[in-house]
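K.L.:
Below are the sequence and a predicted model for it; my questions follow.
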2 protein chains.
Amino acid sequence: MTTNHANTPPTDRARVRRIAHRAHYDRATLHAILDDAYVCHVAFGDEHGVHCIPTACWREGDHLYIHGSNGSRMLKLAATGAQICVTITHLDGLVLARSAFHHSMNYRSAVIYGRFEVVADAHKAASLDALVERIAPGRSREARPGSAKELAATTVMRIALDEAATKIRTGGPVDDDEDLALPVWAGVLPIGVARLEPVVAAAPSGTPDYVRQWRHDAQPVDA
Amino acid sequence: MTTNHANTPPTDRARVRRIAHRAHYDRATLHAILDDAYVCHVAFGDEHGVHCIPTACWREGDHLYIHGSNGSRMLKLAATGAQICVTITHLDGLVLARSAFHHSMNYRSAVIYGRFEVVADAHKAASLDALVERIAPGRSREARPGSAKELAATTVMRIALDEAATKIRTGGPVDDDEDLALPVWAGVLPIGVARLEPVVAAAPSGTPDYVRQWRHDAQPVDA
C-alpha cells in the first residue's frame, strides 16, 4: 500500500488538472468522501466501448468494495483485471456569483483508478455484513444472514485506494473585483442529503435504533 | 432523432442486463431523471485508460449539455468525437429486507451512450443561460452576462439522447416467502435532496424569488 502524506498525486493519471488547488491526495480526505457515499459510478471499457454504471459501495480499510450478481457484466469484466475508474461525487451547493461566468458548485468528489480484485469466499460474508452495517449499524446481527446459495450467487470485489484523487470546492462565490458592486444577489444555495420519514413494511420486534435515529433526523416528506 | 415509444432498448449496448424489468427506454422517463440532476458522471477513455469525471449538466430538448474551460482534458477528448458514456443517478432510499441478501436501494439512473458535439459559438451564450436558469429560474437576466472573453474561454458540448437507458427501483423490500415471518424490521429509509438555508454573500437588491423559494424549502442546517 502506498501512503501519501504529502499532497501530491500518486500518478500523473490521477492528477487533478483543472483548478488544481482544489485537489487533495491524502488518505483521510479520501476516506471521508467515500464514507459519505452509498453509491459510486464505475467506469470500464469493453468491446462495445466505455460504460459507466452506478452501484452500491462501501469502504473497509484502504479498499472500496462493490458487489453484485455473478452474472453482472460489470463484475465479470472487472474480474478480468480490466482497468477501472470509480468516482464518487457529493453535491454540496449551488454557488451563485454576480457574473454568470463565475457561477459554480460546491462539491466533494473522489476518483479512484485501478483494478478490482475478487474477494475470496472466506471473506465474502464478512464483507457483505460490512455493507449492511454501512446501511444500518447493528442490522447485520438482525437480518437473516445470507445462505450458502445466496453467497455463492454473489460476487464481492474491492479496489485499492492507492491511485486516487479528491477534489473539493467549498465557500461562497468568487467574483471579479469589478463585479462586486453589481446589484445582484450572491451566495450559496446549500444542498444536503435529506433523510425522509421511514416507510415501515413490518416491525414485528419494534423499531430498531437505526430506524429511530433516521426518523429523528427525517424531514417532512413534502418539504 | 430516434423516438422510442415502445419500451425497447435503442441498442444492445444500452440494454439493461440485470433485473431488466426495472429498465425504461422512453423519452419522458429519461427527461425526468435528467431534469432532476445538477451533476452527471462522464466516462471516456484515452491513452491512460478509462476516466470518470463529474461535471455540471443540463438538458435542452433531446440533448444533455456540459461545459467547462477550453483547457479541460475531458472536453478536449470529447471534442475529438470519442465515444462517451454519461450516467446520472439519484439515490432515493435504502431498502431493508428481512434477509441480508434482499437488501437493496431505491434509485433512478440514466445511462447515455454517444459522442459529444461542440455547441457553436452562436448558440453558446443561450446554452449557458439555460444552465443558469436550471440553477435558479430568472437568474440569467440578473447576473452579469458572460463577456466575449469569458465565452471564448468556455466550451459547451452536448450529447444526443438517442442511445440511452434508464433504470428505476421503487417500493419496499421484496423478501422470500419463507422469511416474511422473521422478527426483523423491514421497510425503506427514504433519501431526498435537502435544500439547506441559503448563505448570503450580498443582497444589494433584496432577495430574489428563487432564493426565497429555496429558503422556504430549506431544512435546518443541523438536521
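P.N.:
Great, that's in hand.
K.L.:
Can you name the residues in contact with the helix ranked longest in chain A?
P.N.:
Once chain A is assigned using DSSP state H, the helix that runs over the most residues is helix A:121-135. Contact with helix A:121-135 is made by A:38, A:56, A:58, A:60, A:65, A:67, A:119, A:139-140, A:143, A:145-146, A:151, A:154, A:156, A:158, B:94, B:96, B:100, B:103, B:189, as judged by Cβ atoms under 8 Å, 6 or more residues apart in numbering or on different chains. C-beta here means a position set from N, CA and C on the backbone, and glycine is covered the same way.
K.L.:
Apply 6 Å and report the result again.
P.N.:
Among residues not part of helix A:121-135, those counted as contacts by Cβ atoms under 6 Å, 6 or more residues apart in numbering or on different chains are A:Trp58, A:Glu60, A:Tyr65, A:Val119, A:Arg139, A:Ser140, A:Leu151, A:Val156, B:Leu94, B:Ala100.
K.L.:
my read: the last one touches A:Ser147, true?
P.N.:
No: in this structure, B:Ala100 is not within contact of A:Ser147 by Cβ atoms under 6 Å, at 9.6 Å.
K.L.:
any weak-confidence spans in chain A?
P.N.:
Along chain A, segments meeting pLDDT under 70 span A:1-6, A:220-223.
K.L.:
of B:Ala100 and A:Ser147, who's got more company?
P.N.:
Set B:Ala100 next to A:Ser147 and count neighbours by other Cβ atoms under 10 Å in any protein chain shown: B:Ala100 wins out with 23 against 13.
K.L.:
what's near enough to touch A:Asp175?
P.N.:
A:Asp175 is in contact with A:Ala97, A:Arg98, A:His102, counting by Cβ under 6 Å, 6+ apart.
K.L.:
switch the cut-off to 10 Å
P.N.:
A:97-99, A:101-102, A:181-182, A:184, A:186, B:143-144, B:201-202 (Cβ atoms under 10 Å, 6 or more residues apart in numbering or on different chains).
K.L.:
and if you look at A:Ala153?
P.N.:
Contacts of A:Ala153 (Cβ under 10 Å, 6+ apart): A:Gly68, A:Ser69, A:Asn70, A:Gly71, A:Gly146, A:Ser147, B:Phe101.
K.L.:
Can you give me the distance of it to B:Ala181?
P.N.:
23 Å (Cβ to Cβ, to the nearest Å).
K.L.:
for A:Leu161, same thing?
P.N.:
A:Leu161 is 42 Å from B:Ala181, where distance means Cβ to Cβ.
K.L.:
out of the two, which sits in the more crowded spot?
P.N.:
Between A:Leu161 and B:Ala181, A:Leu161 has the larger neighbour count (other Cβ under 10 Å), namely 23 against 11.
K.L.:
rewinding a little: just the buried residues of the contacts of A:Asp175.
P.N.:
Neighbour counting by 16 or more other Cβ atoms under 10 Å in any protein chain shown classes A:Ala97, A:Arg98, A:Ser99, A:Phe101, A:His102, A:Leu182, A:Val184, A:Ala186, B:Ala143, B:Arg144, B:Ala201, B:Ala202 among those as buried.
K.L.:
So which of these belong to strands?
P.N.:
Among the buried ones among the contacts of A:Asp175, DSSP state E puts A:Ala186, B:Ala201, B:Ala202 in strands.
K.L.:
who touches the second one in this structure?
P.N.:
Under the criterion of Cβ under 10 Å, 6+ apart, the neighbours of B:Ala201 are A:95-98, A:171-175, A:180, A:185-188.
K.L.:
Repeat the analysis, applying 7 Å as the threshold.
P.N.:
B:Ala201 sits next to A:Gly172, A:Pro173, A:Ala186, A:Gly187 when contact means Cβ atoms under 7 Å, 6 or more residues apart in numbering or on different chains.
K.L.:
mind listing the strands for chain A?
P.N.:
According to DSSP E, the strands that chain A contains are A:23-24, A:39-46, A:49-56, A:58-60, A:63-69, A:84-96, A:104-114, A:116-118, A:154-160, A:163-169, A:186-195, A:199-202.
K.L.:
that older thread, the contacts of B:Ala201 also near chain B: which ones?
P.N.:
A:Gly172, A:Pro173, A:Ala186, A:Gly187 (Cβ under 7 Å from any Cβ of the partner chain).
K.L.:
Most neighbours out of these, which is it?
P.N.:
A:Ala186 (24 neighbours).
K.L.:
A:Pro198 is in contact with A:Val215, correct?
P.N.:
To be clear, residue A:215 is Arg; Val isn't right here. Yes: A:Arg215 is within contact range of A:Pro198, at 5.5 Å (criterion: Cβ atoms under 7 Å).
K.L.:
which one of those two has more residues nearby?
P.N.:
A:Pro198 (22 against 15).
K.L.:
any idea how far the more buried one lies from B:His102?
P.N.:
Using Cβ to Cβ, we find A:Pro198 at a distance of 17 Å from B:His102.
K.L.:
follow-up on the earlier one: I'd like to know which of the contacts of A:Ala153 are buried.
P.N.:
Counted by 16+ other Cβ under 10 Å, these give A:Gly68, A:Gly146, B:Phe101 as buried.
K.L.:
Quick one: the residues you listed as CSV, columns for distance to B:Tyr113 too.
P.N.:
Converted to CSV, these look like this (distance: Cβ to Cβ, whole Å):
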residue, distance to B:Tyr113
A:Gly68, 21
A:Gly146, 34
B:Phe101, 31
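K.L.:
From these, pick the one nearest A:Val193.
P.N.:
A:Gly68 (23.5 Å; Cβ to Cβ).
K.L.:
Show the contacting residues for A:His67.
P.N.:
A:Leu128, A:Leu131, A:Thr154, A:Thr155, A:Val156.
K.L.:
In those, find the pair that's most separated.
P.N.:
A:Leu131 and A:Thr155 (13.0 Å).
K.L.:
out of everything not next to it in sequence, what's closest to the residue of chain A positioned farthest from its centre?
P.N.:
The C-alpha centroid of chain A is most remote from A:Ala181, which lies 39.1 Å away (Cα atoms, centre = their mean). Among residues not flanking A:Ala181 along the chain, B:Pro204 sits closest, at 8.0 Å (Cβ to Cβ, 6 or more residues apart in numbering or on different chains).
K.L.:
Likewise for A:Arg169?
P.N.:
A:Arg169 sits nearest to A:Asn106 (Cβ to Cβ, 6+ apart), 5.0 Å away.
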